[in-house]
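# Sharing a sequence plus its predicted fold:
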Amino acid sequence: MANAAHTPGLLRVLVPEGNSTSAREAITILGLAGHRIEVCDPSRYCLAMFSRFVRHFHRCPPLRDDPAGYLAFIEKLLAAGRFDVLLPTHEQGFLFARSSERLSGRVGLALPGFESYRMVQSKAGFSRLLHRLGLPQPPTQIVTSENELRAAMRFPAVVKTSVGTASRGVWFAHDVRDLDNAVQDIRATGLSTNGAFADEVLVQDLVTGPIGKAQAVFCHGRLLGFHGYRRIAAGVGGGEAIKQSAVDSNVRMQVAAIGAHLGWHGALSVDYVLSDRTKPLLIDCNPRLVEPMSGYLAGIDLVGLLVAVSLGQTPTPLPQGRDGVRTHLAMQALLGCASRGGNRRDLMREGWHLATGGGAYGGSTEELTPVGQDRASIVPLAMIAIALLARPKLAATLPKTGWGAHLLDLKSIRTIERADFP
């Protein structure tokens with residue numbers, strides 16, 4: 001049983017998107033606590049549609065293409081729905097932080113100031129913050145043109161656009177051919193014109209080692225809850241198929257320093273790589289909780305803590321969760337198997353291990369589609385399994401299906417940042 005912050009009775013919680021794995025896991029945690037959950041999303045076939053915990057679904061304008069229309073839709077729901085908490089689980093937090101004066105007093109919401117949010121939302125901004133605080137990161141250069149990118153390149157390296165989620169805008173360059181492909185992709189997405197980039201691009205030395213992730217909840221700069229895990233097996237799109245809880249004390253101190261410096265209020269997550277398997281180097285930041293079920297199953301309910309902070313409470317800091325708790329995401333496992341060249345026999349073997357708890361899944365718990373607690377969650381999992389068995393090569397395109405309308409791109413970010421928005 002996870003350690004949860006005290007909340008006064010059952011609450012009405014609005015989750016403002018339902019297609020991310022983070023939203024789906026938060027919905028499970030909120031539902032198990034008995035809260036009434038409503039979800040809005042531009043897709044009627046989003047992950048959250050297949051959950052017994054969702055009381056009502058609202059189809060909304062897409063955040064990416066119509067941020068003003070999306071904000072107006074949320075405000076209308078808040079005016080009519082008497083929600084207690086608005087719980088951003090993905091990039092909607094950027095819009096809500098920008099519009100905090102419009103939302104203040106209408107619903108419980110835990111977000112930092114917009115400038116702080118914007119700083120860590122940007123990969124370039126986060127890198128500059130780490131440099132300012134003296135916190136470790138791989139050797140990094142920030143460039144604004146193709147010529148600067150090529151001049152800064154030192155193989156092997158990672159090329160990152162400043163805006164991007166779930167491995168969008170990330171390229172691994174081991175040689176000139178990889179670099180040319182990255183430049184071509186940047187041009188194709190309209191982020192480069194005549195050699196000049198529309199936004200900053202990062203070039204980082206490629207550091208190999210175990211990948212870790214950590215997530216935290218702050219109350220006005222004070223760290224109240226922290227959880228971490230290591231990647232045991234990769235899925236697709238930068239995600240994990242198998243995780244194991246493990247709190248790195250150095251990363252905890254680093255995250256606490258970031259939150260204290262920014263006066264952070266709400267949720268914050270970081271990715272890191274263990275250089276030489278001992279020294280953590282921070283490589284990415286997300287101003288939200290990323291897939292919080294690992295922490296919940298390890299005994300620390302960061303979603304419940306975030307709800308309490310959203311309501312204006314100042315909860316007692318939670319004790320650390322258990323290390324060594326293994327969890328998995330079956331959808332990621334199947335997609336990862338197929339994306340690495342697995343055939344139908346490989347997929348059937350992987351599915352059998354998932355169903356029986358065999359192989360790498362021994363002692364592991366499913367965190368994204370918990371069929372035993374939420375039978376409806378089997379629908380998207382079954383659909384993915386059937387599609388991959390029919391055509392394993394779909395693993396390259398399935399994760400992108402319906403992916404994007406609830407996210408931000410550079411154009412929508414610039415729109416939200418305008419002085420006259422909305």
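That came in fine, so what should we check first?

# State the number of residues packed around residue 188.
When neighbours are counted by other CB atoms under 10 Å, residue 188 registers 9. Yep, even glycine has a C-beta here, placed from its N, CA and C like the rest.

# And it, how far from residue 273?
Distance from residue 188 to residue 273, counting by CB to CB, to the nearest Å: 28 Å.

# Same check on residue 126?
Computed as CB to CB, the residue 126 to residue 273 distance reads 15 Å.

# again with residue 157
14 Å.

# So which of those two has more stuff around it?
The neighbour comparison of residue 157 against residue 273 (other CB under 10 Å) goes to residue 157, with 25 against 21.

# which residues touch the more buried one?
The contact partners of residue 157, taken as CB atoms under 8 Å, 6 or more residues apart in numbering, are 172, 173, 203, 204, 205, 206.

# Any chance of the residues you listed in TSV with neighbour count as columns?
Converted to TSV, the contacts of residue 157 look like this (neighbours: other CB atoms under 10 Å):
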residue	neighbour count
172	11
173	22
203	24
204	20
205	16
206	15
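
# Name the strands paired with the top strand by length along the chain and say parallel or antiparallel.
Longest strand of the chain, by residue count under DSSP state E: strand 222-234. Paired with strand 222-234 in the same sheet, following DSSP bridges, are strand 211-219 (antiparallel), strand 240-245 (antiparallel).

# Could you work out which of those strands reaches nearest to residue 312?
With CB to CB as the criterion, residue 312 lies closest to strand 211-219 of these, at 9.6 Å.

# Rounded mean pLDDT for the closest one, please.
Across strand 211-219, pLDDT averages out at 97.

# Quick one: neighbours of the closest residue to residue 91 other than its chain neighbours, just the number.
Nearest non-adjacent residue to residue 91, counting by CB to CB, 6 or more residues apart in numbering: residue 408, 4.6 Å away. Using other CB under 10 Å, the number of residues around residue 408 comes to 23.

# On the three-state scheme, residue 408 is what?
Three-state assignment for residue 408 (DSSP: H, G, I helix; E, B strand; the rest coil): coil.

# So it versus residue 118, what's the distance?
Relative to residue 118, residue 408 is positioned 11 Å away (CB to CB).

# Please identify every residue contacting each of those two.
Shared contacts of residue 408 and residue 118, defined by CB under 8 Å, 6+ apart, are found at residue 94.

# quick one: residue 302 and residue 53, what's the gap?
As defined by CB to CB, residue 302 lies at a distance of 18 Å from residue 53.

# List the contacts of residue 295.
Counting by CB under 8 Å, 6+ apart, residue 295 touches 2, 215, 227, 229, 245, 301, 302, 321.

# picking up where we left off before, now the strands paired with strand 222-234 in TSV, please, with extra columns for mean neighbour count.
Putting the strands paired with strand 222-234 into TSV (neighbours: other CB under 10 Å) gives the following:
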stretch	mean neighbour count
strand 211-219	24
strand 240-245	24
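
# So for residue 150, which of these sits nearest?
Closest approach to residue 150 among these (CB to CB): strand 211-219, 27.7 Å.

# the more surrounded of residue 302 and residue 53?
Each of residue 302 and residue 53 has its neighbours counted (other CB under 10 Å); residue 302 has more, 30 against 21.

# Please name the residues that touch that one.
Shown in contact with residue 302 (CB under 8 Å, 6+ apart): 215, 216, 217, 225, 227, 267, 289, 292, 295, 296, 318.

# All set now, cheers.
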